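Enquirer: Just need the structure, nothing else, for what follows:
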Amino acid sequence: MHPTNLNQLISRGLAFIASSQPSDGGFQSVISPDKSLRHKPVLCRTTLFASLIMGSLTEIPGAAKIQQNAAGFLKQQLSPNLSLNYWDRTSSLYKSRPYPDDLDDTFIGLAALWQYDKNFFSGADYASIVRLLTAGEVKTGGPYRTWLVNPGSSKEWNDVDIAVNTNVAYFLTLLDVNLPQLVELIDNGILSHQLTSPYYPNIYPILYFICRNYRGSCSKELLKLLADSRPNNSHDIALILSSLIRLKGNPGLSEKLFNRLLTQQQADGSWDGHSFCVDSIIDKAPYYNGSAAATTALCLEALYAYQQTCITKPIPKLAAYQPAINNVTIKLGRLPNAELRDNCNDILGRVLNGENDEQVLGLAWVVANACGLKLEPYILNNFSQISLWGWMAYTIYDSILDKSSDTNLLPGANVCLRNLTSLIINTLPNNQDFQNETTTIMDRLDAANAWEMTHCRNIFTKSNLKYNTLPDYSDNWQLADRSLGHTIAALGVLYAAGFESNSVQMVTLRNFCKHYLIARQLNDDAHDWEDDLQAGHINAAAVIILSKKPKLKQIEFKRHSAMLRGTFWNETIINMHDLIFQHTAAARSALLICPNFFNAQVMDDLLLPLENSASAALKQRSLAKDFIKSI
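Expert: Take a look at the predicted model:
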């Protein structure tokens, strides 16, 4: 489907949801003994569907008014301690069929509010949220009981449910707080195929909840569950499609589910309502709750996500490098073998769906613009292709070195490396300095990877990491060299313009790139240190953390994770922030050698995102500290 037609379809769906939303921002839903909601329907009002719809529309353009109204409704429903009840507190069912407040509805609602406005909660609000968790914890750090009742209450009100704990975990991951006990609970459920809950009618909502921000180690098993699913209505198709996209699952299956959803929209813009949750057990029979508005919101979420990741990439800020993407796509389409084409397209999709595509693919154009150089477009296009082929190849090589499950993509990575080598040889075939430079860059890159494999990988079991000495990142050369391939295009611009290898302009650009790449890697390491540790890899941020615990030579993740996170947020985050700013400052200083050659403002566009990310993490420090201390 053409993007314009899909946008029209999404607009019709939003119009239906808006027409279904009362002025107070809440939503009606239907209780029925039939999952399709057609038999003996009874209208009701819950907080769940306002939260669900609001969360589903987070990324959808044109949904702001619906979200604003839903946020107003949920704000009125929050108790003084920030808990939510299943029922709308103003409805008759809140009195006639009362439930206690619960963590499921509470954290689905809190997540939707946070995604709508990250400044929605105050410091006092976060303290209240911590107290809610403490009140419901089975043990420190989870898991958590569903209902907010006294621990001495009857057994039915003290259950520990995987779906509920998944929704608690999701809210915490939005705050960059990861609780190992919740991850373990979820992973055990995946491995044992025990993804059931008395609060949901089937596995599909639970898979949807898990895949929203999955942090465990069972992605392969989770993808198999998604691939083996057989959704037979729009509601469940949408849940599975959203889950597949978030886990970067089988693109062929995603396309089939996408096409099925397209054909099932009704004339009024809706999709048929279907049960999302189990409302209650009446006369020993389950009653279900759902709504056409909720199903429509879930369908829009899935269709829009598919559009963004699988159909078209948003128009980049630096559209000049789009031809490079087109050329690579065409080249992959000409591969004679279908399996190899799928292999390579999988890699291309991963790279283009990343967050740094503009910085990487546009680097040659940034340098040319900053230096005022007028090169032939095909030269800049070739350099962008070099960046893309190299990024694709080394993304998979890095993943394999990290001992992930991407060895199946090795044939595609080799295709990318061959195309990279060919382009390097043929772009400036008569410039021996450029050819020598690329050889040196590749040697240094491989040396950095060899150093990392020798010094940063340690004896690892499922729950323990042993190490004798910490890697020495004292001058950070490894952080620059492991990403040095990105500089081929940047330096190539100057070579193409006729500058020699030892020119002051070339030396200046090398120094700028060194500090830029170090700052970028430090930023990545600050975000990935815990995941890397659990994979047996001690990155630069983890070295700073562990250096503050010199007697700790073996990490037991269940025992030490909270302590390590506390060290990170108490001390290390400040060190990482300062290091990133030191290197961005050094990158700016490097340009001063050639003040009339490099436009510092243009080059600053590469540095500012790193500084903004570091500053945002520092602002989050007090919140994370409160959570870690209290949970």
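Enquirer: List the buried residues in the helix or strand encompassing Ala127.
Expert: Using DSSP states H and E, Ala127 falls within helix 123-136. Neighbour-count burial for helix 123-136 flags Tyr126, Ser128, Ile129, Val130, Leu132, Leu133, Ala135, Gly136 (criterion: 16 or more other CB atoms under 10 Å). C-beta coordinates here come from the backbone N, C-alpha and C atoms, glycine included.
Enquirer: The third one: what's it in contact with?
Expert: The one in question is Ile129. When the contact criterion is CB atoms under 8 Å, 6 or more residues apart in numbering, the partners of Ile129 are Leu82, Leu110, Phe121.
Enquirer: Distance check, it against Gly349.
Expert: 36 Å (CB to CB, to the nearest Å).
Enquirer: And the helices in the stretch 501-631 of the chain, which stretches?
Expert: Ranges of helices in the stretch 501-631 of the chain, per DSSP state H, counting those that start in this stretch, are 504-534, 540-547, 557-567, 573-591, 600-619, 621-630.
Enquirer: picking up where we left off before, return the subset of the contacts of Ile129 lying in helices.
Expert: Judged by DSSP state H, the contacts of Ile129 include Leu110 as members of helices.
Enquirer: Just the buried ones from the contacts of Ile129, in ChimeraX syntax?
Expert: To isolate the buried members of those in ChimeraX, using 16+ other CB under 10 Å:
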select :82,110,121
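Enquirer: Among the contacts of Ile129, which one lies nearest to Ala297?
Expert: Leu110 (18.1 Å; CB to CB).
Enquirer: Please give me every residue in contact with the closest one.
Expert: Leu82, Leu84, Phe121, Ile129, Phe171.
Enquirer: Looking at the residues you listed, which gets the smallest pLDDT?
Expert: Of all those, Phe121 carries the smallest pLDDT score, 86.
Enquirer: For the residue nearest to that one when sequence neighbours are not counted, what is the enclosing helix or strand?
Expert: Nearest residue to Phe121, sequence neighbours excluded (CB to CB, 6 or more residues apart in numbering): Trp114, at 6.9 Å. Element membership of Trp114 [criterion: DSSP H and E] is helix 103-116.
Enquirer: Contacts made by stretch 544-553 with the rest, please.
Expert: 466-468, 470, 529, 538, 560, 563-564, 567-568, 571-572, 575-576.
Enquirer: Try it again at 7 Å.
Expert: Contact partners of stretch 544-553, identified using CB atoms under 7 Å, 6 or more residues apart in numbering, comprise Lys466, Tyr467, Asn468, Leu470, Trp529, Leu564, Thr567, Phe568, Glu571, Thr572, Asn575.
Enquirer: Now render the residues you listed as CSV, adding neighbour count.
Expert: As requested, the contacts of stretch 544-553 are exported to CSV (neighbours: other CB atoms under 10 Å):
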residue, neighbour count
Lys466, 12
Tyr467, 20
Asn468, 7
Leu470, 17
Trp529, 25
Leu564, 22
Thr567, 19
Phe568, 24
Glu571, 13
Thr572, 23
Asn575, 17
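Enquirer: Who are the contact partners of Ser83?
Expert: Applying CB under 7 Å, 6+ apart, the residues near Ser83 are Asp101, Thr106, Leu132, Leu148.
Enquirer: quick one: which of those is most hemmed in?
Expert: Thr106 (29 neighbours; other CB atoms under 10 Å).
Enquirer: ok, now how distant is that one from Asn167?
Expert: 9 Å.
Enquirer: same thing with Ile347?
Expert: For Ile347 relative to Asn167 (CB to CB), the value is 33 Å.
Enquirer: and if you look at Pro98?
Expert: Pro98 is 22 Å from Asn167, by CB to CB.
Enquirer: and the nearest residue to Met563 once chain neighbours are set aside, how many neighbours?
Expert: Leaving out its chain neighbours, the residue that sits closest to Met563 by CB to CB, 6+ apart is Lys549, at 7.8 Å. Using other CB under 10 Å, Lys549 has 13 other residues around it.
Enquirer: Which pLDDT value goes with Lys549?
Expert: At Lys549, pLDDT is 84.
Enquirer: Count the neighbours of Asn81 for me.
Expert: 15.
Enquirer: And for Ala616?
Expert: Neighbour tally, Ala616, other CB under 10 Å: 10.
Enquirer: Turn the helices of the stretch 501-631 of the chain into JSON lines, including distance to Leu410.
Expert: Listed next are the helices of the stretch 501-631 of the chain as JSON lines, based on distance: least, CB to CB, whole Å:
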{"stretch": "helix 504-534", "distance to Leu410": "21"}
{"stretch": "helix 540-547", "distance to Leu410": "27"}
{"stretch": "helix 557-567", "distance to Leu410": "29"}
{"stretch": "helix 573-591", "distance to Leu410": "33"}
{"stretch": "helix 600-619", "distance to Leu410": "31"}
{"stretch": "helix 621-630", "distance to Leu410": "38"}
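Enquirer: Residues touching stretch 250-269, excluding its own?
Expert: Residues contacting stretch 250-269 (CB under 7 Å, 6+ apart): 1, 9, 12-13, 15-16, 227, 234, 237-238, 240-241, 244-245, 271-272, 299, 302-303, 306, 310.
Enquirer: go with 6 Å
Expert: 12-13, 15-16, 227, 234, 237, 241, 244, 271, 299, 303, 306 (CB atoms under 6 Å, 6 or more residues apart in numbering).
Enquirer: right, so of the helices of the stretch 501-631 of the chain, which gets closest to Val160?
Expert: Of the helices of the stretch 501-631 of the chain, nearest to Val160 by CB to CB is helix 557-567, at 17.4 Å.
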